[in-house]
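> Using only what follows, build the 3D model:
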Amino acid sequence: MVEYKCFYCNKKVDKEEYLRKRIRCPYCGSKILYKPRLVSTKIKAR
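Presented below is the predicted three-dimensional model:
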């Protein structure tokens, strides 16, 4: 399941709500949604 978050209210938006005719947050109406990353990877240079 693909999960997105609203940039402004930081609430989770599931795939069904995201793929409607208008791409907006159902809670605050913002058009800015992003897909959060689970793990950040750090690489050390030699």
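
> switch to C-alpha atoms for all contacts and neighbour counts from now on
OK.

> which element follows the one helix or strand in the chain whose mean pLDDT sits lowest toward the C-terminus?
Of all the helices and strands that make up the chain, helix 15-18 has the lowest average by mean pLDDT, DSSP states H and E, namely a mean of 62. On the C-terminal side of helix 15-18, the closest following helix or strand by DSSP states H and E is strand 33-34.

> Can you pull the poorly scored residue ranges out of the protein?
By pLDDT under 70, the low-scoring segments of the chain are 1, 15-21.

> Please tell me how far Lys31 sits from Tyr4.
Relative to Tyr4, Lys31 is positioned 12 Å away (CA to CA, to the nearest Å).

> Output the contacting helices and strands for the strand or helix carrying Tyr4.
Using DSSP H and E, Tyr4 sits in strand 3-6. Based on contacts counted as 3 or more CA pairs under 8 Å, 6 or more residues apart in numbering; DSSP states H and E, the elements that strand 3-6 packs against are strand 12-14, helix 15-18, strand 33-34.

> Now do it: everything it contacts.
11-15, 18, 25, 30, 32-36 (CA atoms under 8 Å, 6 or more residues apart in numbering).
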